[in-house]
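Undergrad: attaching a predicted model along with its sequence, questions to come.
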Amino acid sequence: MARGLFVSIRYLLLVVLVFFLETCTVSSPAQVPVNDYVRRYLDVAEPVAIAVDVKGETKQFDGEDLSVGQNLFSENCQRCHVGGANLIDPTVSLSLERLAKATPPRDNLNGLIAFMRQPMTYDGTEESFSCREVEESWIPQEEIEKLAAFVIRAAQKGPGWGTEDLF
């Protein structure tokens, strides 16, 4: 009787382990397919270089990276920034021109991520309370880089992104 119970417990543990491993594998963020918007409108058939800083250093992002970034944007930013617009302050959109003219410039990964981590007014003189602070515990560094890369690539290539032409 005890041997039968021991076999049943081992079998149950094996089933739980297999289920757990399958669940973890299916939910892996590395399996995000490249979505149509990224492929078609952001022109990302091959990895693209996105500026890391104002000195010109770049980092490569592929379609999967930018698709993850777009998903993060849709989940966390789109309510106020539909199509790169700014519903809170329409004069400060996410167009490439407006990102570049911010102080400090936000048209590169470091500048945009610094803004997301600690939002400042467009002229950089004080904290901005109109945009949420994105802590590392909320969106880790690797993911926020993909989010920022998506915003920058959309500003470079997205038709109507951050412009009045969008509406």
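TA: The structure has been received and is ready for your questions.

Undergrad: spit out the contact partners of the residue nearest the centre of the chain.
TA: Nearest residue to the geometric centre of the chain (CA atoms, centre = their mean): L147, 1.9 Å. Contacts of L147 were listed using CB atoms under 8 Å, 6 or more residues apart in numbering, and they are 68-69, 72-73, 76-77, 116, 139. The C-beta positions use only the backbone N, C-alpha and C, and glycine is treated the same way.

Undergrad: now E46
TA: D62.

Undergrad: and the strands in this protein, which stretches?
TA: 48-51, 58-61 (DSSP state E).

Undergrad: given the first one, what are its sheet partners and their directions?
TA: Taking DSSP bridges as the criterion, strand 48-51 sits next to strand 58-61 (antiparallel) in its sheet.

Undergrad: name the residues of the strand it pairs with that are buried.
TA: Neighbour counts using 16 or more other CB atoms under 10 Å place 59, 61 of strand 58-61 among the buried residues.

Undergrad: that one: how far from the chain's middle?
TA: Counting by CA atoms, centre = their mean, to the nearest Å, strand 58-61 is centred 14 Å from the centre of its parent chain.

Undergrad: ok, L99 - how many residues close by?
TA: By other CB atoms under 10 Å, 23 other residues sit near L99.

Undergrad: do Q78 as well
TA: For Q78, the tally of surrounding residues (other CB under 10 Å) stands at 13.

Undergrad: what about the helices in the protein?
TA: Assigned by DSSP state H, the helices in the chain fall at 2-26, 36-40, 63-76, 96-101, 109-117, 141-157.

Undergrad: in terms of mean pLDDT, which of those ranks lowest?
TA: If you rank those by mean pLDDT, helix 2-26 sits at the bottom with a mean of 46.

Undergrad: most neighbours of all the contacts of L147, which one?
TA: With neighbours defined as other CB under 10 Å, the most crowded of the contacts of L147 is G69; it has 26 neighbours.

Undergrad: what's near enough to touch that one?
TA: 61, 146-151.

Undergrad: again with G84
TA: Contacts for G84 (CB under 8 Å, 6+ apart) come out as 93-95, 151, 154-155, 158, 160-163, 166.
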